[in-house]
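1. I would like to see how this sequence folds:
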Amino acid sequence: MELVFKIFLLLGGLALFLYGMKLMSDGLEAAAGSKFKNILELVTKNRFIAVLTGTFITAIVQSSSATTVMVVGFVNAGLMKLTQAVGVVMGANIGTTITGIIVSLKVSDYAPLAIFIGVMFIIAAKRDKMKFQGQIIAGLGILFLGMSLMGDTLKPLSSNETAVSMFEYAQNPFIGILIGLAFTAMMQSSSATMGIVITLGMSGLLDLSSAIFIVYGSNIGTCVTALLATIGASKAARKVAVVHFSFNIIGTVIFTAITLLPFGYVSFLESLSAENVGAQIALSSVVFNITTTVLLFPFANILVKIADFVIPIGEDDDKLSKKLLHLDPRLLTTSHIAADQTYKEVERMARLALENYKLSIDTFLNRNQKNSETVKKNEEVINFLNHEITKFLIKVGALELEDSERKLIGSLFHVVNDIERIGDHAENIVEFSLPFIEKEITFSPVAIEELKSVSDKVEEVLAEAINIFANKVYDKEVLGQIAQKEDEVDNKVQQSKDNHVERLNKGLCTPDSGMLFINMLDDLERVSDHAINIANPLRIGKKSLITERF
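-> Residues are numbered from 1 along each chain as shown. Prediction:
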């Protein structure tokens, strides 16, 4: 019964440790907020900054696996190139050592105080920033409390010869690496593995010579999460996981050889902190990751070539196929970037609708039947994007966002619907144009000129609306100008209808051509109405803020 109780204590301590780590990393990430977008912009400058970026992000999220999965998402969404991702992956391995350094500090006695201070911040704070700070402090306290509980439970086993001899098997490089790999793959966090190994070391169950190979194995195990994350991703994204795996395999081979050499690498690490086994284990991870990065940094291009060899260079599916180009579920771990990328995918959908509109007008005015197949394929992609973006918007809306971002994300539901309706109107124009071409129905030159004048103005409104949306230029003057152009469309449509009635009365056009003329004008006017909503997504329901301002 006592053994069962100890197992419960051990599991409880592990749960507190993992929860504390998650609470702390969530608080750090939330406190960083939109700075993640600024950090990403730095990556594009050079590879050295990419390494620093990877180190910083991993220090925040407390997991190189999480950072690498995030990078896979960025590459898959077109936010980052593979050559930039290599530096971030290297930095991620350095950043993950921060957790080991933190947990190796003997500050468990202050854990309850940290939890108290953190919880008071969370309860009493009126500002989100202070609540996030409370999360960080409370998470750190809970992490150390979990470590303390695990340590107290394991410490009696240090005098048990059977238990000690069992852990000594890890001195075998193959067994130690395999243990580290398997446990990290299961936990999906090398930081968690490091915390547990350091706790075992502090409890007297593991010495450095046994722990060091588990540390090496944990670096390979952390690649498993990224490899799984690339299932269904683009080739470039899959190459990120291959680079990550290659980096850690090469590092493990180098350091296993160094450790087994007779000059005494383990003794050197032990001399750095003779009284603290936990610190020795943490230092072994620091030395491993920093040295591997320094050694392989000049050969980053070779890592890319290895990835190219494993995953041969080739084009992914057609850009106009039914797939998301800017969105990836992995982006949901970084709410601000997810919101930004959603905006880009909506813009892509809008530009596809604009292309279909142009093709439909060309079909009608120039009797170009060849456009119909392209319009149909584009419309299928627009419908797919409508469905998938809406699903993604629901997920993004559930994340922690700034008020301005939340309002904008909420409005995108309406924008996506408006774009989808523009696609429908473009398809309508093509559908009633084809019989008109086949039956050789003709219009008077005046009617054709009127339709061309209206369609050109609608195209101008739609193109300008999409540019305003893409650049987020929602100032009064710009919105006023496009609202005025939309009014011109309405006036032109009404004038054309009046002229049409007059021509009908004079017998200058047939009923068939007249009905087609009216249908065409109605579709053009509706496209213009939807376009004005795209230009100003921050509207309430169907009512545009433009109407409130002017």
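2. show me the contacts for A182.
-> Contact analysis of A182 by C-beta atoms under 8 Å, 6 or more residues apart in numbering lists 217, 221. Heads up, the C-betas are built off the backbone N, CA and C, glycines and all.
3. part of a helix, is it?
-> Yes. A182: assigned to a helix according to DSSP: H, G, I helix; E, B strand; the rest coil.
4. surely G12 and L149 touch.
-> Yes. Between G12 and L149 a contact is recorded at 6.3 Å, counting by C-beta atoms under 8 Å.
5. more neighbours: which of those two?
-> Taking neighbours as other C-beta atoms under 10 Å, G12 and L149 compare with L149 leading, 22 against 14.
6. I382 reaches R351, doesn't it?
-> No. Using C-beta under 8 Å as the test, I382 is too far from R351 to be in contact (10.5 Å).
7. ok, those two, which is more surrounded?
-> Neighbours were counted for I382 and for R351 using other C-beta under 10 Å; I382 has more, 24 against 15.
8. and this protein, what are its domains?
-> When the chain is parsed with automatic domain parsing, its domains come out as 2-310, 329-549.
9. need those domains in JSON lines with distance to K323, can you?
-> JSON lines is the format used below for those (distance: least, C-beta to C-beta, whole Å):
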{"stretch": "domain 2-310", "distance to K323": "9"}
{"stretch": "domain 329-549", "distance to K323": "8"}
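10. deepest-packed of those domains, please.
-> Most buried of these, by mean neighbour count (mean count of other C-beta atoms under 10 Å): domain 2-310, with a mean of 20.
11. double-check that V473 belongs to a helix.
-> No. Going by three-state DSSP, the assignment for V473 is coil, not a helix.
12. against N417, how distant is it?
-> V473 is 22 Å from N417, where distance means C-beta to C-beta, to the nearest Å.
13. likewise for G201?
-> Separation of G201 from N417 (C-beta to C-beta): 58 Å.
14. helix, strand, or coil at the residue nearest to the spatial centre of the chain?
-> Closest residue to the average C-alpha location of the chain: L331 at 1.6 Å, with C-alpha atoms, centre = their mean. Three-state call for L331 (three-state DSSP): helix.
15. what's the longest helix in this structure?
-> The helix that spans the most residues within the chain, counting by DSSP state H, is helix 403-438.
16. now it, how far from the centre of its chain.
-> Counting by C-alpha atoms, centre = their mean, to the nearest Å, helix 403-438 is centred 26 Å from the centre of its parent chain.
17. list the helices and strands that helix packs on?
-> With contacts taken as 3 or more C-beta pairs under 8 Å, 6 or more residues apart in numbering; DSSP states H and E, helix 403-438 sits against helix 335-366, helix 371-397, helix 511-535.
18. same thing but 10 Å
-> Judged by 3 or more C-beta pairs under 10 Å, 6 or more residues apart in numbering; DSSP states H and E, helix 403-438 is in contact with helix 335-366, helix 371-397, helix 445-471, helix 511-535.
19. now that helix against helix 335-366, angle please.
-> Angular relation of helix 403-438 and helix 335-366 on a 0 to 180 degree scale: 20 degrees, by axes from the mean of the first three to the mean of the last three C-alpha atoms, to 10 degrees.
20. how much does helix 403-438 deviate in direction from helix 371-397?
-> With the same axes, to 10 degrees applied, the angle from helix 403-438 to helix 371-397 works out at 160 degrees.
21. and the angle from helix 403-438 to helix 445-471?
-> On the basis of the same axes, to 10 degrees, helix 403-438 is oriented at 160 degrees to helix 445-471.
22. could you export the helices and strands packed on helix 403-438 as CSV, including mean pLDDT and distance to Q495?
-> Converted to CSV, the helices and strands packed on helix 403-438 look like this (pLDDT from 0 to 100; distance: least, C-beta to C-beta, whole Å):
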stretch, mean pLDDT, distance to Q495
helix 335-366, 87, 19
helix 371-397, 89, 28
helix 445-471, 88, 8
helix 511-535, 84, 10
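23. so which of those helices gets nearest E502?
-> E502 lies closest to helix 445-471 among the helices and strands packed on helix 403-438, at 10.4 Å (C-beta to C-beta).
24. I'd assumed P312 was in a strand, is it?
-> No. According to three-state DSSP, P312 belongs to no strand; its state is coil.
25. tell me which of the helices and strands packed on helix 403-438 lies nearest to N499.
-> When the helices and strands packed on helix 403-438 are ranked by proximity to N499 (C-beta to C-beta), helix 445-471 comes first, at 6.5 Å.
26. who are the packing partners of that closest one?
-> For helix 445-471, the elements it packs on are helix 335-366, helix 403-438, helix 476-505, helix 511-535, judged by 3+ C-beta pairs under 10 Å, 6+ apart.
27. could I get those in JSON lines, plus columns for distance to L261?
-> As requested, the helices and strands packed on helix 445-471 are arranged in JSON lines below (distance: least, C-beta to C-beta, whole Å):
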{"stretch": "helix 335-366", "distance to L261": "44"}
{"stretch": "helix 403-438", "distance to L261": "54"}
{"stretch": "helix 476-505", "distance to L261": "68"}
{"stretch": "helix 511-535", "distance to L261": "66"}
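28. and of these, who's closest to N248?
-> helix 335-366 (25.5 Å).
29. by contact count, what packs against that closest one?
-> Applying 3+ C-beta pairs under 10 Å, 6+ apart, one finds that helix 335-366 makes contact with helix 2-32, helix 35-43, helix 64-76, helix 371-397, helix 403-438, helix 445-471, helix 511-535.
30. could you point out the helix or strand that follows the shortest one?
-> Translated: helix 35-43. Tracing the chain C-terminally past helix 35-43 and defining elements by DSSP states H and E, one meets helix 47-61 next.
31. and the angle from that next one to helix 64-76?
-> Using the same axes, to 10 degrees: helix 47-61 against helix 64-76 is 130 degrees.
32. quick one, helix 47-61 and helix 2-32 angle?
-> Per the same axes, to 10 degrees, the angle that helix 47-61 makes with helix 2-32 is 130 degrees.
33. next one: helix 47-61 to chain centre, how far?
-> The answer for helix 47-61 is 16 Å, by C-alpha atoms, centre = their mean.
34. low-confidence regions, the stretch 101-250 of the chain specifically.
-> Within the stretch 101-250 of the chain, the ranges that satisfy pLDDT under 70 run 106-108, 151, 154-169, 188, 229, 232-233.
35. which helix or which strand is home to the closest residue in space to A138 that isn't next to it in sequence?
-> In space, and not counting its chain neighbours, A138 is closest to G118: 2.6 Å by C-beta to C-beta, 6 or more residues apart in numbering. Of the helices and strands defined by DSSP H and E, G118 is found in helix 111-124.
36. related to what we said a few turns ago, next, format the helices and strands packed on helix 335-366 as JSON lines and append distance to S189.
-> Formatted as JSON lines, the helices and strands packed on helix 335-366 follow (distance: least, C-beta to C-beta, whole Å):
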{"stretch": "helix 2-32", "distance to S189": "8"}
{"stretch": "helix 35-43", "distance to S189": "20"}
{"stretch": "helix 64-76", "distance to S189": "6"}
{"stretch": "helix 371-397", "distance to S189": "23"}
{"stretch": "helix 403-438", "distance to S189": "28"}
{"stretch": "helix 445-471", "distance to S189": "38"}
{"stretch": "helix 511-535", "distance to S189": "42"}
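37. can you say which of these is nearest to V224?
-> Nearest of the helices and strands packed on helix 335-366 (C-beta to C-beta): helix 64-76, 8.1 Å.
38. now that closest one: mean pLDDT?
-> For helix 64-76, mean pLDDT is 74.
39. tell me the helices and strands packed up against the helix or strand following it.
-> Going down the chain from helix 64-76, the next helix or strand is helix 82-95, by DSSP H and E. Secondary-structure packing of helix 82-95 (3+ C-beta pairs under 10 Å, 6+ apart): helix 35-43, helix 47-61, helix 64-76, helix 190-202, helix 208-229, helix 235-260, helix 277-296, helix 300-310.
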